[in-house]
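Engineer: Let me see the structure of the following:
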Amino acid sequence: MISLDTLNRWLSVPAESEHLEFKEAKQQFDTTKLLRYCVALANEGGGHLVLGVSDRSPRRVVGTQAFAAATDRNDIKARIVDKLHIRVDVAELAHADGRVLVFEIPPRPQGQPLEIDGAYLMRAGDDLVPMTPDHLRRIFAEGQPDWFAQAAKANASADEVIALLDTQTYFDLSNLPYPTSRDGVLARLSGEELIASTPTGWTISNLAAILLAKRLDAFSPTLARKAPRVVIYEGIDKTQTREDKPGNRGYAVGFESLVDFVHSAAPLNRSVEQVVREEVKMFPKQALRELIANALVHQDFLASGASVMIEMYADRVEISNPGTPPISVERFIDEYRSRNEKLADLMRRLGICEEKGSGVDKVVKAVEAFQLPAPDFRVGETRTTAILLAHQDFSVMAKSDRIRACYQHCCLMYVSNQRMSNQSLRQRFGLPESKAATVSLVIGAAKEAGLIKADESETSSTRYARYLPFWA
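Structural biologist: Take a look at the predicted model:
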């Protein structure tokens, strides 16, 4: 039951989410807009639309006159049922600072996204946007067998299981002694639900194949196309290819050699070399490792004919995966949500992935240590791309690169229980104290872009100002 205590808890949350939306709506609220929010929140798994509360922090009750009469509320509930075929409950709360109206929106039916006037909507930050193709595919696939549980090969003999899967690597990565018998190997894989015994033999799951296959093309062309591909170009565009290396091994089996190959192909970082007096590759291996692992784990496996791509140029490396992320790129550092939790869990236990939510902050930290521009995360219609850029002096950095670096540094400081300051950002850029005014301009631009805000709990002094990410 929604009560004033519930409302007070909501007022204190750091930011809106895909399940909670605030609107002032002091006088009224557009019915079409209400229907669109009902669709988006239902598609996100249900949630609450709260009218009469400011939608910017610090949130406060402002009161609303929307749907003031009981007949108005009954009419809008009937309209929602007629238009969207879902039942929405409405709660009216008498807060000391004004009337608050809460629409309690249920989750959509399994396997059935909701639409309004042909638009399947979802939340993206503060906006409502059409669902991406991969998001729709996941919804339509609900109720069907999980892709990872489906058979990569059925009716395999015990010898075929051992021949097709690199079981030695599995036990090595798991820090377990290799069993003394074949039955012990099969029992362990079965206990992990990587294989399953049937009256006619063993079924090897897609999860087992994608992680442990000695050769993915030994299973099927479809699985073979899920292998990551590395392309190295001569210059800064795709005009001339130096090397095109498609993979063929399971992710766990081939991960370390993949990271080593990509790292070895990177140009040298002359700026860092001058300090440490030894050859240093342009891109930190830790950053490459995390971004490649993220691309493998978070890809959309339902997308056909698409794979993780690692493209190395003279001035950057681009790591992309099929599918779009369930969270906005601005929240990559502090939030975590995976569409492939089974794969993510097993790769964590095999030591390939970091703990939940700790990957991108390690990337940003490594990039800062190497004095590189901030990594750029881009979301297209069908792919998500992470870009590591080669070293640039601050003087030639684009304004957008400076702002992005400022925001990511602010996030990194916050998740480390610290606060960004002019001094910390100067250190991030490798600038002397004489450039404090220049860095203040970057901070001002990031504030104007709505990416950071002053931490007013610390001090109101401009000189000693500390800053927080916009969502903190």
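
Engineer: in which helix or strand would I find the residue lying farthest from the centre of the chain?
Structural biologist: Within the chain, residue 71 marks the point farthest from the mean C-alpha position, 43.1 Å out by CA atoms, centre = their mean. For residue 71, the host element (DSSP states H and E) is helix 70-84.

Engineer: Residue 104 now?
Structural biologist: Using DSSP H and E, residue 104 sits within strand 98-105.

Engineer: C-terminal to the strand or helix carrying residue 8, what's the next element?
Structural biologist: Element membership of residue 8 [criterion: DSSP H and E] is helix 4-11. Sequence-wise, the next helix or strand downstream of helix 4-11 (DSSP H and E) is strand 20-23.

Engineer: contacting residues around that following strand?
Structural biologist: For strand 20-23, the surrounding residues in contact (CB atoms under 8 Å, 6 or more residues apart in numbering) are 10, 13, 16, 29, 37, 41, 47-51, 53-55, 59, 123. Bear in mind the C-beta positions are built from the backbone N, C-alpha and C, glycine included.

Engineer: May I ask which of those residues has the most neighbours?
Structural biologist: In terms of neighbours by other CB atoms under 10 Å, these top out with residue 41 at 29 neighbours.

Engineer: host element of it?
Structural biologist: Counting by DSSP H and E, residue 41 is found in helix 31-43.

Engineer: where in this protein is pLDDT low?
Structural biologist: Counting by pLDDT under 70, the chain has low-confidence residues at 125, 270-278, 354-358, 458-463.

Engineer: So in it, which helix runs the longest?
Structural biologist: Determined from DSSP state H, the single longest helix within the chain is helix 399-415.

Engineer: which other residues reach it?
Structural biologist: Against helix 399-415 from outside (CB under 8 Å, 6+ apart): 330, 333-334, 361, 364-365, 368, 373-376, 389, 392, 394, 397, 419-420, 424-425, 428-429, 442-443, 445-446, 449, 451-452, 467-469, 472.

Engineer: switch the cut-off to 7 Å
Structural biologist: Here helix 399-415 makes contact (CB atoms under 7 Å, 6 or more residues apart in numbering) with 333-334, 361, 364-365, 368, 373-374, 376, 419-420, 424-425, 428, 442-443, 445-446, 449, 451-452, 467-469, 472.

Engineer: Can you flag the buried ones in these?
Structural biologist: Buried by 16 or more other CB atoms under 10 Å: 333-334, 361, 364-365, 368, 373-374, 376, 419-420, 424-425, 428, 442-443, 445-446, 451-452, 467-469, 472, out of the contacts of helix 399-415.

Engineer: can you give me the strands for the stretch 351-472 of the chain?
Structural biologist: Here the stretch 351-472 of the chain has its strands, by DSSP state E, counting those that start in this stretch, at 376-379, 383-389, 452-454, 467-469.

Engineer: Pick the most buried one from the ones you listed.
Structural biologist: Compared across the strands of the stretch 351-472 of the chain, strand 467-469 shows the largest average neighbour count, a mean of 23 (mean count of other CB atoms under 10 Å).

Engineer: so what does that one touch, helix or strand wise?
Structural biologist: Identification of packing neighbours for strand 467-469 by 3 or more CB pairs under 7 Å, 6 or more residues apart in numbering; DSSP states H and E yields helix 399-415, strand 452-454.

Engineer: Taking strand 383-389 as reference, get the angle to the longest one.
Structural biologist: Using axes from the mean of the first three to the mean of the last three CA atoms, to 10 degrees, the direction of helix 399-415 lies 100 degrees away from that of strand 383-389.

Engineer: and the gap between residue 131 and residue 264?
Structural biologist: With distances taken as CB to CB, to the nearest Å, residue 131 is found 40 Å from residue 264.

Engineer: need the contact list for residue 93.
Structural biologist: Neighbour list for residue 93: 4, 7, 100, 102 [criterion: CB under 7 Å, 6+ apart].

Engineer: who does the helix or strand encompassing it pair up with?
Structural biologist: For residue 93, the host element (DSSP H and E) is strand 89-95. Applying DSSP bridges, strand 89-95 is found paired with strand 98-105 (antiparallel).

Engineer: Next one: residue 40 relative to residue 136, how far apart?
Structural biologist: Distance, residue 40 to residue 136, by CB to CB: 14 Å.

Engineer: So which of those two has more stuff around it?
Structural biologist: The neighbour comparison of residue 40 against residue 136 (other CB under 10 Å) goes to residue 40, with 26 against 15.

Engineer: mind listing what that one touches?
Structural biologist: Per CB under 7 Å, 6+ apart, neighbours of residue 40: 121-123, 128.

Engineer: Who is the closest residue to it other than its chain neighbours paired with across the strands?
Structural biologist: Setting aside the residues directly before and after it, residue 40 is nearest to residue 121 in space (CB to CB, 6 or more residues apart in numbering), at 4.2 Å. Counting by DSSP bridges, residue 121 is bridged to residue 130.

Engineer: Please apply the same query to residue 151.
Structural biologist: residue 205.

Engineer: I figured it was touching residue 202, is that so?
Structural biologist: No: Residue 151 is beyond contact range of residue 202, at 10.0 Å (criterion: CB atoms under 7 Å).

Engineer: Between residue 131 and residue 264, point out the one with more neighbours.
Structural biologist: Ranked by neighbour count (other CB under 10 Å), residue 131 and residue 264 place residue 131 first, with 21 against 9.

Engineer: how much space between the residue nearest to the more buried one when sequence neighbours are not counted and residue 3?
Structural biologist: Closest residue to residue 131 apart from its sequence neighbours, by CB to CB, 6+ apart: residue 120 at 4.3 Å. Separation of residue 120 from residue 3 (CB to CB) stands at 33 Å.

Engineer: Settle it for me: which of the two has more neighbours?
Structural biologist: Between residue 120 and residue 3, residue 120 has the larger neighbour count (other CB under 10 Å), namely 19 against 10.

Engineer: Distance check, the more buried one against residue 112.
Structural biologist: Computed with CB to CB, the distance linking residue 120 and residue 112 is 10 Å.

Engineer: can you check residue 292 too?
Structural biologist: Residue 292 sits 35 Å away from residue 112, going by CB to CB.

Engineer: The closest residue to residue 179 other than its chain neighbours is in what secondary structure piece?
Structural biologist: Once flanking residues are discounted, residue 179 sits nearest to residue 185: 5.1 Å by CB to CB, 6+ apart. Using DSSP H and E, residue 185 sits in helix 182-191.

Engineer: buried residues in that helix?
Structural biologist: The neighbour-count check on helix 182-191 (16+ other CB under 10 Å) flags 185-186, 188-189 as buried.
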